[in-house]
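Student: Got a sequence here, can you build the structure:
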Amino acid sequence: MNSNFPHQEPNWKLFSWLAGIGIIIYLLIQIVPSTAESFFDTNSEPVISKSKAEDTAAAFVRKQFHVTPISLHAVHQSDSLLYGYLEKNKLTKSYENLYDKQFPTDTFQVTAKMPDRSEIFIYVHMQKATVVAWNRLNGDHVTPAKGTELTDTALKFAISKGFEKSNLKVSRMSEDTGQLWYTAGKVIGNAKLTIGIRAEKQPNGSILIAAYKPTFKVPSDYTVYVDKQKRLANYLSTLGSLFLSFVLFILAIIYASLYRKHTSFLRGIALTLLFMGMYLVNDFNMKDGLAAGYGEMLHVDTMAYAAVIVTCLVTVIMALSVYFSLVGGDGLWRALGRNLWPRFGQPGYGEHVWRSMWLGYLAAFMLLGLQTIIFIILMNMNGAWSTTDVTQSPYNLAAPWLFPLLAWCAAISEEAVFRLFGIGIMKRWFKNSFVASLIPTIIWALGHVTYPIFPSTTRLLELTILGLIFSFLFLRFGFITVLFAHAVFDSLMMAISLMFMGSVGNVLIGLVYIVLPIPIAWLIRNFDKKKRANPMVPPSMLQ
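Tutor: Numbers count the residues shown, from 1 in each chain. Below is the predicted model of the structure:
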C-alpha cells in the first residue's frame with residue numbers, strides 16, 4: 001500500500017470475529033424477535049394500503065355526513081404519548097391483546113376536504129380497515145347540541161359502540177361546543193380510557209355525531225416528565241448541537257481559506273452535490289411526515305409544503321457546511337502531515353477504497369452489536385424506552401424505497417463536519433487525539449437527543465461511545481473507511497425498516513441498499529484501474 005495512504009492493515013481475523021459477534025447480537029436481539037412474532041402470530045395481519053384507508057374513509061363520510069368528499073389524503077398517525085407509556089411500563093403486548101382492535105395506538109389519519117370547506121379527520125385501523133375515530137373541523141352553520149339532546153344522544157351513541165352504560169361516567173361537558181367526555185371504566189396500567197363525543201344539531205332537527213375520539217389518557221406525572229425531557233432535549237440540541245455546529249461551519253470557511261495551499265477548492269464538490277441532491281429528495285419525500293406531525297389542523301398540506309421549503313433552505317446551508325468542512329478538514333490534516341482523505345488519481349486509490357469498504361462493513365457490524373448492548377445496559381440502568389415519531393415513519397414517505405438514501409446523507413455530512421474537520425481543528429488546537437475526538441463527538445451526539453428515546457440523555461451517552469469508535473476508525477484507517485462504516489451502519493437499519501413494511505419489492509430494495517457499498521467500491525476500483533492504464537490527464541491534476 002502507498003505510504004501516503006492511511007494505515008489499513010488491521011487484524012482482519014479479529015475484526016471479522018468481532019463483526020460476526022456484533023451482527024449476531026443485533027439480529028438475535030433486535031430483528032429476530034420482531035420477525036418471529038410476525039411469522040408465528042396467527043393473528044398478525046398485513047398493513048393495508050393508503051388507498052384502501054382513503055376508500056374506507058370516503059365510504060364512512062358518505063354514510064355518516066351524507067356528503068361526498070372533494071379529496072382525501074392518508075398519513076400515518078400515532079399516539080406517541082400513549083405508546084411511550086406502554087413501552088416504558090412493558091404493557092405494549094397486553095394493550096395489543098386487549099384494546100388494539102378498537103383503540104389502536106397507530107392509525108391512518110385520512111383528511112377529507114368537504115364542499116362546505118370543513119375538513120374531517122377519519123382514523124382508520126391500519127390492519128382491519130375499520131374507522132375507529134373521527135373529528136370534523138370548521139363546519140358551516142354548526143349548531144351544537146345542548147342539554148338533554150347532547151347527553152341522551154352521546155350516551156346512546158356510546159352504548160352503540162359497545163360500552164357498558166354502567167361504566168360510562170361524564171367527566172366533562174361543554175354545551176358551547178356540543179361536546180362531552182366520558183370515562184369508560186377501561187384501564188391499562190394507570191392510563192384510563194376517555195371518550196370524547198361532539199354532537200351537532202342539523203337543520204332538519206336530527207342530531208349528528210361530528211366527533212368521536214376514544215383515547216387512553218396517561219397519568220399526569222408521565223406527561224409532565226415527557227414534557228420536561230423534550231424541553232431538555234430541545235435545549236441540548238439547540239445550544240449544544242445547532243449553535244456549535246454553526247460555529248464549526250464558520251471555522252470551516254476560515255480554515256479552508258487559511259489552508260488552501262495544502263488542498264484544493266475542487267475537493268469535495270462531488271460529495272457535496274451528492275449529499276445535497278439526496279437530501280433535497282428526502283426533504284420532499286417526508287412531506288407527509290411533517291403533515292402528520294401537525295396533527296388535526298386545517299390546511300395542513302399548505303403548512304407542510306412551507307415546512308418543506310424551509311427544510312430545503314436549511315439543506316443548502318448544510319451542504320455549504322459539508323463542502324467547507326471537506327476542504328478545510330483536508331487542508332488541516334495535510335498541514336499536519338497526514339493524508340487521511342486520499343485523492344482520486346493517486347497510485348493505489350482504487351484498492352484503498354475497496355479495502356475501506358470491507359473494513360467499513362466489519363466496523364458497522366461490530367457497532368450494531370455494541371449499540372444493542374449499550375441499549376440493554378441503559379434500559380436496565382435508567383429504564384430507557386422509546387416511542388413513535390410520525391415525522392420519521394416509512395409509511396409517511398412519498399417513496400419509501402428512497403428512505404435508505406438518508407443513510408448516505410448522514411454518513412457524508414456527519415463524517416465531513418465532525419470527523420474530518422471537527423477532529424482536525426481540535427487536534428490543531430489541543431494536540432491530544434482523545435480530546436480532539438471527544439469534543440466534536442459530543443456535539444454530534446447532542447444533535448440526536450431529540451429522537452423519541454427517553455430519558456433524553458440516552459442517545460447522548462450511546463452516541464458518545466459510538467462516536468469515539470468512529471473517531472478511532474477515522475484516525476486509524478482514514479475518512480473513506482469511516483464514511484463506508486457510517487453508511488453501512490445506517491443503511492442496514494433503514495433497509496430493515498423498509499423491509500418490515502412488507503411486499504417483495506420492499507424486501508428486495510432493502511437488500512439492494514444493504515449490499516450497495518460493494519458495487520460502489522468495485523466501480524471506483526475498476527474506474528481507477530482504467531484511468532491508470534489509459535491516463536487522460538496527469539495524476540497531479542486530479543483532485
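
Student: From now on I want contacts and neighbour counts done on CA atoms only, so please keep to that.
Tutor: Will do.

Student: starting at the chain centroid, how far to the host helix or strand of residue 61?
Tutor: Per DSSP states H and E, residue 61 falls inside helix 50-65. Chain-centre distance of helix 50-65: 29 Å, with Cα atoms, centre = their mean, to the nearest Å.

Student: after it, next one along is what?
Tutor: Next element after helix 50-65 (DSSP H and E): strand 71-78.

Student: how far off helix 50-65 does that following strand point, in degrees?
Tutor: Orientation check (axes from the mean of the first three to the mean of the last three Cα atoms, to 10 degrees): strand 71-78 against helix 50-65 gives 110 degrees.

Student: could you say what helices and strands the helix holding residue 61 packs with?
Tutor: Applying 3 or more Cα pairs under 8 Å, 6 or more residues apart in numbering; DSSP states H and E, one finds that helix 50-65 contacts strand 71-78, strand 106-113, strand 119-125, strand 131-137.

Student: Residue 357: which of these is closest?
Tutor: Among those, the nearest to residue 357 by Cα to Cα is strand 71-78 (35.9 Å).

Student: Now do the closest one, average pLDDT.
Tutor: Across strand 71-78, the average pLDDT comes to 96.

Student: How about stretch 496-515?
Tutor: 91.

Student: Now that we have the helices and strands packed on helix 50-65, can you turn them into TSV and tack on mean neighbour count and distance to residue 365?
Tutor: Shown next, in TSV, are the helices and strands packed on helix 50-65 (neighbours: other Cα atoms under 10 Å; distance: least, Cα to Cα, whole Å):
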stretch	mean neighbour count	distance to residue 365
strand 71-78	22	31
strand 106-113	25	31
strand 119-125	27	36
strand 131-137	19	42
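
Student: Take those and write them to a markdown table, including distance to residue 11.
Tutor: Shown next, in a markdown table, are these (distance: least, Cα to Cα, whole Å):
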| stretch | distance to residue 11 |
| --- | --- |
| strand 71-78 | 46 |
| strand 106-113 | 47 |
| strand 119-125 | 52 |
| strand 131-137 | 57 |
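
Student: Compare the ones you listed and give me the one nearest residue 404.
Tutor: Using Cα to Cα, the helices and strands packed on helix 50-65 put strand 71-78 closest to residue 404, at 18.8 Å.

Student: what's that closest one packed up against?
Tutor: With 3+ Cα pairs under 8 Å, 6+ apart as the test, strand 71-78 has helix 50-65, strand 106-113, helix 287-294 packed against it.

Student: Contacts for it next, please.
Tutor: The contact list for strand 71-78 (Cα atoms under 8 Å, 6 or more residues apart in numbering) reads 50-51, 53-54, 58, 105-114, 288-289, 291-292, 295, 388-390, 393, 395-396.

Student: Please export the C-alpha coordinates of it as PDB.
Tutor: The C-alpha trace of strand 71-78 is given here as PDB (Å, rounded to 0.1, in the frame of the first residue of the first chain):
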ATOM      1  CA  SER A  71     -60.500  15.000  -1.800                       C
ATOM      2  CA  LEU A  72     -58.900  12.600   0.600                       C
ATOM      3  CA  HIS A  73     -55.300  12.100   1.800                       C
ATOM      4  CA  ALA A  74     -54.000   9.500   4.300                       C
ATOM      5  CA  VAL A  75     -50.900   9.800   6.600                       C
ATOM      6  CA  HIS A  76     -49.700   7.500   9.300                       C
ATOM      7  CA  GLN A  77     -50.700   8.900  12.700                       C
ATOM      8  CA  SER A  78     -49.600   7.700  16.200                       C
END
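
Student: just the angle between it and strand 119-125, please?
Tutor: Going by the same axes, to 10 degrees, strand 71-78 makes 50 degrees with strand 119-125.

Student: Packing partners of the helix or strand following strand 71-78?
Tutor: Sequence order places helix 80-88 as the next helix or strand after strand 71-78, per DSSP H and E. The helices and strands touching helix 80-88, judged by 3+ Cα pairs under 8 Å, 6+ apart, are helix 92-99, strand 385-386.

Student: And helix 80-88, how far out from the chain middle?
Tutor: 17 Å.

Student: If we go by neighbour counts, what in that helix is buried?
Tutor: 80-86, 88 (16 or more other Cα atoms under 10 Å).

Student: Also stretch 235-243?
Tutor: So for stretch 235-243, counting by 16+ other Cα under 10 Å, buried means 236-238, 240-242.

Student: Where does the prediction get shaky in the stretch 51-200 of the chain?
Tutor: 139-141 (pLDDT under 70).

Student: if you set the cut-off to 50 instead, what comes out?
Tutor: Across the stretch 51-200 of the chain, nothing is flagged by pLDDT under 50.

Student: Just give the closest residue to the residue nearest the centre of the chain, not the sequence neighbours.
Tutor: For the chain, the residue nearest the mean C-alpha position is residue 392 (3.5 Å; Cα atoms, centre = their mean). Counting by Cα to Cα, 6 or more residues apart in numbering, residue 392 lies nearest to residue 289, which is 6.4 Å off, once chain neighbours are set aside.

Student: okay, now that neighbour: neighbour count?
Tutor: 23 (other Cα atoms under 10 Å).

Student: Wait, it touches residue 396, no?
Tutor: Yes: between residue 289 and residue 396 there is a contact under Cα atoms under 8 Å: 4.9 Å.

Student: Which neighbours do those two have in common?
Tutor: 75-76, 390.

Student: Using a markdown table, please lay out these together with distance to residue 258.
Tutor: Formatted as a markdown table, the shared contacts of residue 289 and residue 396 follow (distance: Cα to Cα, whole Å):
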| residue | distance to residue 258 |
| --- | --- |
| 75 | 49 |
| 76 | 49 |
| 390 | 44 |
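
Student: now, which of those residues sits nearest residue 524?
Tutor: Nearest to residue 524 among these, with distances taken as Cα to Cα, is residue 390, at 37.3 Å.

Student: what pLDDT does the closest residue to that closest one other than its chain neighbours get?
Tutor: Of all residues not flanking residue 390 in the chain, residue 289 sits nearest, at 5.7 Å (Cα to Cα, 6+ apart). Note for residue 289: predicted pLDDT of 95.

Student: again with the one 10 residues further on
Tutor: At residue 299 the predicted local confidence, pLDDT, stands at 88.

Student: Just give me the neighbour total for it.
Tutor: Around residue 299 there are 13 residues (other Cα under 10 Å).

Student: Ok, residue 387 next?
Tutor: Using other Cα under 10 Å, residue 387 has 19 neighbouring residues.

Student: check contacts around it.
Tutor: Contacts of residue 387 (Cα under 8 Å, 6+ apart): 80-81, 83-84, 87, 452-453.

Student: now the strands: where do they sit in the chain?
Tutor: 71-78, 106-113, 119-125, 131-137, 143-144, 169-174, 179-188, 191-201, 207-217, 385-386, 453-454 (DSSP state E).

Student: isn't residue 129 right up against residue 52?
Tutor: Yes: applying Cα under 8 Å as the test, residue 129 and residue 52 come out as touching, 7.4 Å apart.

Student: neighbour-wise, which of these two wins?
Tutor: A direct count of neighbours by other Cα under 10 Å for residue 129 and residue 52 places residue 129 higher, at 20 against 14.

Student: ok, now how distant is the more buried one from residue 488?
Tutor: Distance of residue 129 to residue 488, given as Cα to Cα, to the nearest Å: 36 Å.

Student: What's the end-to-end length of stretch 184-200?
Tutor: 22 Å.

Student: Residues touching that stretch, excluding its own?
Tutor: 89, 91, 95, 142-145, 150, 153-154, 163-164, 167-169, 177-183, 207-219.

Student: next one: stretch 484-497
Tutor: 356-357, 359-365, 367-368, 394, 403-405, 407-408, 410-411, 470, 509-511, 513-514, 517.
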